[in-house]
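Trainee: how would this look folded up:
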Amino acid sequence: MLFRLVIGAVFLASTVNADPLPSWTEGANKTSIIEFVEAVSDPASPDYVTESDRIAVFDNDGTLWAEQPVYFQLIFAIDQVAKMAASDPSMLTSPAIKAAADGDMKAVLASGKEGLVEILKASHANMSLDTFATDVAAWLETARHPKTGQPYDEMLYQPMLELLRYLRDQGFLTYIVSGGGIEFMRVFAEDAYGIPPQQVVGSSTTSTYEVIDGVPTIVKGQELFFVDDKAGKPVGIQHHIGKRPILAGGNSDGDFQMLEWVTSGEGPRLGILVWHTDGDREWAYDREGHIGVLNRGLDEGPDRGWVLVDMKNDWSRIWK
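Mentor: This next block holds a predicted model:
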């Protein structure tokens with residue numbers, strides 16, 4: 001009996017003292033995050049927040065997984081168009097679609113917003129949600145990143161996975177709030193991050209209910225319904241969650257309004273920005289570029305009390 005009590009005490013002590021964020025280097029940023037989580041989850045703390053209000057929201061692209069050379073959903077769209085065009089060349093009716101079918105990323109980006117929308121419509125629309133989810137899952141199984149050679153859903157940031165787990169262990173509900181397509185992210189979010197489909201907020205197109213060959217079906221349309229980016233993110237949070245979170249994480253100025261809204265509420269609040277500073281282990285980019293641009297966050301974030309996570313210095317490990 002005494003032996004079991006001693007072993008139990010040792011196990012409890014090791015659990016209590018275990019580092020919840022082992023891939024984060026020791027420093028002010030790691031300390032700030034842990035102190036915040038401990039304060040809001042300790043009933044004896046003056047900053048205690050009840051579990052029902054312990055909500056954390058995170059951008060996906062560039063925050064939870066990589067986003068270079070372009071958003072992974074766009075790479076999926078280009079690959080799908082190439083696959084579709086191989087079986088139906090008659091769809092090659094525009095420069096943007098032809099560029100996608102050829103895998104010419106430079107020409108795809110040069111096609112501008114109209115070209116990108118055309119590619120997304122061709123690869124995402126006028127099909128059942130079940131078919132779309134099957135296509136995404138099949139792509140994730142076989143597609144590989146052009147630089148790392150890794151599956152896209154393995155290019156996850158280990159420090160952020162640890163943060164998600166730590167938050168959930170402390171009674172938080174964790175959500176994705178991203179400009180990416182809501183149905184695209186719902187395919188992999190639970191396996192990748194432990195975030196179930198109902199806790200994914202994203203951009204969406206119109207959908208319709210139809211009975212096809214006797215089977216009730218949700219059909220994915222091609223017209224934009226909601227864009228979950230910039231000022232759309234707080235709106236999407238309110239629409240889907242119905243409460244203002246107490247923690248928000250992002251990586252670009254597309255997340256600025258989300259962090260601004262979340263951290264302006266009453267009580268303890270925390271904003272986190274992932275700053276891509278590691279050109280050796282990942283990519284280094286911030287103020288300029290075609291993706292993940294971070295200007296307002298760098299200029300205003302520190303004065304707002306947001307944690308600016310320097311990937312090169314704050315993360316001892318990058319990938320899952």
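Trainee: where do the strands sit along the stretch 51-200 of the chain?
Mentor: With DSSP state E, counting those that start in this stretch as the criterion, the stretch 51-200 of the chain has strands at 55-58, 127-128, 173-181, 200-212.
Trainee: partner strands of the second one and their direction?
Mentor: Applying DSSP bridges to the sheet, strand 127-128 is found paired with strand 215-226 (antiparallel).
Trainee: now do the strand it pairs with: distance to the chain's middle.
Mentor: Going by C-alpha atoms, centre = their mean, to the nearest Å, the spacing between the C-alpha centre of strand 215-226 and its chain's C-alpha centre is 22 Å.
Trainee: list the contacts of it.
Mentor: 121, 124-130, 132, 183, 203-212, 232, 236, 239 (C-beta atoms under 8 Å, 6 or more residues apart in numbering). All C-beta atoms are positioned from the backbone trio N, CA, C, and that covers glycine.
Trainee: which residues touch residue 278?
Mentor: By C-beta under 8 Å, 6+ apart, residue 278 lies in contact with 284, 311, 312, 315, 318.
Trainee: tell me the pLDDT at it?
Mentor: Confidence at residue 278, expressed as pLDDT, is 98.
Trainee: out of the contacts of residue 278, who's nearest residue 177?
Mentor: Sorting those by distance to residue 177 puts residue 311 at the head of the list, at 20.8 Å, by C-beta to C-beta.
Trainee: mind checking how far that closest one is from residue 68?
Mentor: Distance, residue 311 to residue 68, using C-beta to C-beta, to the nearest Å: 13 Å.
Trainee: picking up where we left off before, quick one: which of the strands of the stretch 51-200 of the chain is nearest residue 73?
Mentor: Counting by C-beta to C-beta, and looking across all of the strands of the stretch 51-200 of the chain, nearest comes strand 173-181 at 5.3 Å.
Trainee: that closest one - what's its average pLDDT?
Mentor: 97.
Trainee: ends of stretch 148-168, how far apart?
Mentor: 30 Å (C-alpha to C-alpha, to the nearest Å).
Trainee: with stretch 175-194 instead?
Mentor: Start-to-end, stretch 175-194 (C-alpha to C-alpha) is 10 Å.
Trainee: that older thread, give me the common contacts of residue 311 and residue 68.
Mentor: Joint contacts of residue 311 and residue 68 (C-beta under 8 Å, 6+ apart) are residue 282.
Trainee: so which of the contacts of residue 278 wins on neighbours?
Mentor: residue 315 (25 neighbours; other C-beta atoms under 10 Å).
Trainee: nearest spatial neighbour of it, chain-adjacent residues omitted?
Mentor: residue 159 (4.8 Å; C-beta to C-beta, 6 or more residues apart in numbering).
Trainee: so the one you found sits against residue 313, correct?
Mentor: No. Counting by C-beta atoms under 8 Å, residue 159 sits too far from residue 313 to count as a contact (12.0 Å).
Trainee: neighbour-wise, which of these two wins?
Mentor: residue 159 (24 against 13).
Trainee: rewinding a little: give me the buried subset of the contacts of strand 215-226.
Mentor: By neighbour count, with 16 or more other C-beta atoms under 10 Å, the contacts of strand 215-226 hold 121, 124-125, 127-128, 132, 183, 203-205, 207, 232, 236 as buried.
Trainee: nearest to residue 280, of the strands of the stretch 51-200 of the chain?
Mentor: Here strand 55-58 is closest among these (C-beta to C-beta), at 24.7 Å.
Trainee: give me the mean pLDDT for that closest one.
Mentor: The average pLDDT for strand 55-58 rounds to 98.
Trainee: only alpha carbons, please: show that strand as PDB.
Mentor: The C-alpha atoms that make up strand 55-58 are tabulated as PDB, following Å, rounded to 0.1, in the frame of the first residue of the first chain:
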ATOM      1  CA  ILE A  55     -12.400  29.600 -25.900                       C
ATOM      2  CA  ALA A  56      -9.300  29.800 -28.100                       C
ATOM      3  CA  VAL A  57      -9.400  30.500 -31.800                       C
ATOM      4  CA  PHE A  58      -6.500  30.000 -34.300                       C
END
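Trainee: mind checking the SS state of the closest residue to residue 179 other than its chain neighbours?
Mentor: Counting by C-beta to C-beta, 6+ apart, residue 179 lies nearest to residue 229, which is 3.7 Å off, once chain neighbours are set aside. For residue 229, the assignment made with DSSP: H, G, I helix; E, B strand; the rest coil gives coil.
Trainee: residues in contact with residue 229?
Mentor: So residue 229 contacts 179, 203, 254 (C-beta under 8 Å, 6+ apart).
Trainee: can you check residue 82 too?
Mentor: 100, 101, 102, 103.
Trainee: domain map for the protein?
Mentor: For the chain, the structural domains run 24-68+150-314, 72-142, going by automatic domain parsing.
Trainee: so which of the ones you listed gets nearest residue 18?
Mentor: Judging the domains of the chain by C-beta to C-beta, what sits closest to residue 18 is domain 24-68+150-314, at 10.4 Å.
Trainee: residue ranges in this protein under the pLDDT threshold?
Mentor: Within the chain, the ranges that satisfy pLDDT under 70 run 1-17.
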